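[1] what follows is a predicted structure for the sequence shown.
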Amino acid sequence: MATDQAQSDSSEANTYDQFEDRVTRISNVGNAAGILRWDQEVVMPDEGTPARAQQLSTLSSISHELLTADETGALLGELEEADVTDDEAAVVREVRRTYDRETSVPQRLVEEISATASNAHPEWKRAREEDDFEHFAPTLEKLVELKREYANHIDPDADPYAVLFADYEPYIDLETAERVLERLREELVPLIEAVQDSDAELATDAFAGQFDDDDQEALARDVLDSLGYDWGRGRLDTAPHPFSSGTQFDARVTTRFDETDLLGSITSTIHEFGHANYTLGLPDDGYGTPLGEGRDLSVHESQSRLWENHVGRSRPFWEHFLPIARERFPELEDVSPEEAYEAANQVYDDNLIRVEADELTYHLHIVIRFEIERDLISGDLDVSEVPGVWNDKYEDYLGVRPETDAEGCLQDIHWSHGDFGYFSTYSLGSVLAAQLYATAAEDCGSFDDDIREGEFDELNGWLRENVHQHGKRYVTQDLIERATGEELTADYFLEYVTEKYGDLYDLEGY
């Protein structure tokens, strides 16, 4: 009997080894594609696109073929019946989910969605440039139809928008997302109205001036140095749309510079540091498997928002960092830490653009997109109605009304990619950031003195222990409960912004 058991254990181990080798190959193909995409955004010559498109397409095909092959399915089937460790079971769970989704959708449909999205980008770009939604409307309608069909293949019995949402956030159900976003809408609208009615005068011009790009880049490096970025496993570059990408061995940051917006480059750099810092905190020995990958978009966004907002927009941070900024820009000599703090947290009363929104109003930009795309996918809203509904919601929720579609429903690129269900992860990440930061402060004590002194090891250590090291070992809600002792809740975020902005704007009753 002992011999039989040993043979069985050896066979299962060999099966898992074969499986992990296959998973690692798929991961390496994807990581190679990621480097090519980084190169395309950062340093590739303008005329390199035709070849790069073929290279990325080839890698995508290889990855898809490896994942959906009969051998992958057979290995999954064997391992789901085998006696495996908890970590191995987590890897099997994550690969099974991806395998099932990719094998459910006909290759014909995958290719049609890809081709339609590729053609949609120039159509969207032209529509935005010409402020002509009707030019983009037929393409958008086609993408909506294709994504409905895609969702139906994956789960014909489910709400199609829930299926699409799960592409970006697989382990937070749509009902939870709706509940969180509805609370944000209900409580942020009156808070923003109170801010707009306030007579408080913040130092909104603290960072007014012209700031050389090279000096801004040097300051961005100072920011990363201060926060503890590992330059041995990363680098800083510029890109039209800042992003971070890579693995725990190579997590790169990009930012952008505007000579009239020094504050924007600082907050953008801190935001992307948060993403890269999470990636660098993933376990080295998990590389190539889900155990060495970030736990989806909401958790990833929680890390960038935590560093950008709870650290980078705090009073203690500006007490620490303003002297460093003055060394690069002596013209800031007369700016006080309090004025820098106020400038970093001003609420705009006339902003229509999501990517330029402040920390508070940003979430209503997300709510509007979430509500519109949910109704588009369900069929409750016709594509032709989008501009009017968009404008009405902006007026209702934010007190501003777009005068053009270019500054309204055509401002984002996401729908031209067919990315329905993505937007809500931005707000879910901010909500989670507040919950994690509050728990970390309860466990470790206030971080204010540490931040004031430029000491971030204790905060980062807490994040490493409770979030980063786990990769995808736990599903999202389990990870959140293990880290904070609670399910995802908007309570901490709403308490945080109510206290912060009530204080900044001298609001009675807040």
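    Looks like it came in fine. Owing to the predicted nature of the structure, the values given are computational and were not obtained by experimental measurement.

[2] how far does the helix or strand Arg37 falls within sit from its chain's centre?
    Remark: Arg37 resides in helix 2-42, with elements defined by DSSP states H and E. Offset of helix 2-42 from its chain centre (CA atoms, centre = their mean, to the nearest Å): 26 Å.

[3] show the subsequent helix or strand relative to it.
    helix 49-68.

[4] okay, angle between that following helix and helix 2-42 too, please.
    160 degrees (axes from the mean of the first three to the mean of the last three CA atoms, to 10 degrees).

[5] one step back: state the mean pLDDT of the helix holding Arg37.
    When pLDDT is averaged over helix 2-42, the result is 85.

[6] and if you look at stretch 68-75?
    98.

[7] show residues contacting it.
    Thr15, Gln18, Phe19, Arg22, Leu66, Val95, Tyr99, Glu102, Thr103 (CB atoms under 8 Å, 6 or more residues apart in numbering). Glycine gets a C-beta too; all of them are placed from N, C-alpha and C.

[8] can you rerun that using 10 Å?
    15-16, 18-23, 26, 65-67, 92, 95-96, 98-100, 102-103, 105, 107 (CB atoms under 10 Å, 6 or more residues apart in numbering).

[9] for it, buried residues please.
    By 16 or more other CB atoms under 10 Å, the buried positions in stretch 68-75 come out as Thr72, Leu75.

[10] from the chain's centre, how far out does it sit?
    Worked out by CA atoms, centre = their mean, stretch 68-75 lies 31 Å from the chain centre.

[11] ditto for stretch 443-452
    Centre-to-centre, stretch 443-452 and its host chain are 26 Å apart (CA atoms, centre = their mean).

[12] pLDDT of it, averaged?
    98.

[13] CA atoms only for it, dumped as CSV, please.
    Below are the C-alpha coordinates for stretch 443-452, written out as CSV (Å, rounded to 0.1, in the frame of the first residue of the first chain):
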residue,chain,number,x,y,z
ASP,A,443,-2.3,47.7,13.3
CYS,A,444,0.9,49.9,13.2
GLY,A,445,-0.2,53.2,14.6
SER,A,446,-0.5,56.5,12.7
PHE,A,447,1.9,56.8,9.8
ASP,A,448,2.0,60.6,9.9
ASP,A,449,5.3,60.9,11.8
ASP,A,450,6.9,58.3,9.5
ILE,A,451,5.7,60.1,6.4
ARG,A,452,6.9,63.4,7.8
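
[14] let the chain start at 575 from now.
    Sounds good: first residue 575 from here, last item stretch 1017-1026.

[15] what about Tyr968, which SS state?
    Look at Tyr968: counting by DSSP: H, G, I helix; E, B strand; the rest coil, its state is helix.

[16] and it, how far is that from Arg753?
    23 Å (CB to CB, to the nearest Å).

[17] which one of these two is surrounded by more residues?
    Applying other CB atoms under 10 Å to Tyr968 and Arg753 shows that Tyr968 carries more neighbours, namely 20 against 14.

[18] now do the contacts for the more buried one.
    Going by CB under 10 Å, 6+ apart, Tyr968 touches Leu926, Leu938, His939, Ile942, Val974, Arg975, Pro976, Glu981, Gly982, Cys983.

[19] skipping adjacent residues, who's closest to the second one in space?
    Think Leu938. Leaving aside its chain neighbours, Leu938 sits nearest to Tyr971 (4.5 Å; criterion: CB to CB, 6 or more residues apart in numbering).

[20] kindly report the same for the fourth one.
    Once flanking residues are discounted, Ile942 sits nearest to Lys967: 4.5 Å by CB to CB, 6+ apart.

[21] dump the contacts of Tyr968 to a markdown table, plus distance to Phe831, secondary structure and pLDDT.
    Converted to a markdown table, those look like this (distance: CB to CB, whole Å; DSSP: H, G, I helix; E, B strand; the rest coil; pLDDT from 0 to 100):
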| residue | distance to Phe831 | secondary structure | pLDDT |
| --- | --- | --- | --- |
| Leu926 | 23 | coil | 96 |
| Leu938 | 28 | helix | 97 |
| His939 | 24 | helix | 97 |
| Ile942 | 29 | helix | 98 |
| Val974 | 27 | coil | 95 |
| Arg975 | 31 | coil | 97 |
| Pro976 | 27 | coil | 97 |
| Glu981 | 23 | coil | 96 |
| Gly982 | 27 | coil | 97 |
| Cys983 | 29 | coil | 98 |
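
[22] the closest residue to Leu640 other than its chain neighbours: neighbouring residues, count only.
    Residue nearest to Leu640 in three dimensions, not counting chain neighbours: Ile600, with 4.9 Å by CB to CB, 6+ apart. Residues near Ile600, counting by other CB under 10 Å, number 21.

[23] touching, Ser637 and Gly608? I think so.
    No - using CB atoms under 10 Å, Ser637 is not in contact with Gly608; the gap is 11.3 Å.

[24] and the nearest residue to His1042 once chain neighbours are set aside, how many neighbours?
    Nearest residue to His1042 in three dimensions, chain neighbours excluded: Gly855, at 2.9 Å (CB to CB, 6+ apart). For Gly855, the count of nearby residues is 22 (other CB under 10 Å).

[25] try Ile946
    19.

[26] quick one, phi psi at it?
    Phi and psi for Ile946, reported as degrees, to the nearest 10, are phi -70, psi -50.

[27] roughly how far apart are it and Leu801?
    From Ile946 to Leu801 the distance is 36 Å (CB to CB).

[28] for Gly604, same thing?
    In terms of CB to CB, Gly604 sits 28 Å off from Leu801.

[29] neighbour count winner among those two?
    Shown here are Gly604 and Leu801; by other CB under 10 Å, Leu801 has more neighbours (21 against 16).

[30] thinking the residue nearest to Leu938 is in contact with Arg943, fair?
    No - the criterion here is CB under 10 Å, and Tyr971 misses it with Arg943 at 11.4 Å.

[31] those two - which one has more neighbours?
    A direct count of neighbours by other CB under 10 Å for Tyr971 and Arg943 places Arg943 higher, at 24 against 20.

[32] against which helices or strands is the helix or strand Ala825 falls within packed?
    Following DSSP H and E, one finds Ala825 within strand 824-829. The elements that strand 824-829 packs onto, with contact taken as 3 or more CB pairs under 10 Å, 6 or more residues apart in numbering; DSSP states H and E, are helix 576-616, helix 787-801, strand 810-812, strand 818-821, helix 836-854.

[33] out of these, deepest packed?
    helix 836-854 (a mean of 25; mean count of other CB atoms under 10 Å).

[34] residue nearest the middle of this protein, spatially speaking?
    Glu875 (4.0 Å; CA atoms, centre = their mean).

[35] so it sits in a helix?
    Yes - Glu875: assigned to a helix according to three-state DSSP.

[36] excluding chain neighbours, give the residue nearest to Ser1004 in space.
    The nearest residue in space to Ser1004 (CB to CB, 6+ apart) is Arg879, at 4.6 Å.

[37] next, the contact list for that neighbour, please.
    845, 848-849, 886, 933, 936, 1000-1008, 1010-1011, 1067.

[38] out of those, which are buried?
    Neighbour-count burial (16+ other CB under 10 Å) is assigned, among the contacts of Arg879, to 845, 848-849, 886, 933, 936, 1000-1008, 1010-1011, 1067.

[39] turn the helices and strands packed on strand 824-829 into a markdown table, including distance to Ala768.
    As requested, those are exported to a markdown table (distance: least, CB to CB, whole Å):
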| stretch | distance to Ala768 |
| --- | --- |
| helix 576-616 | 40 |
| helix 787-801 | 32 |
| strand 810-812 | 38 |
| strand 818-821 | 35 |
| helix 836-854 | 24 |
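
[40] what's the closest of the ones you listed to Asp741?
    Among these, helix 576-616 comes nearest to Asp741, with 15.5 Å by CB to CB.
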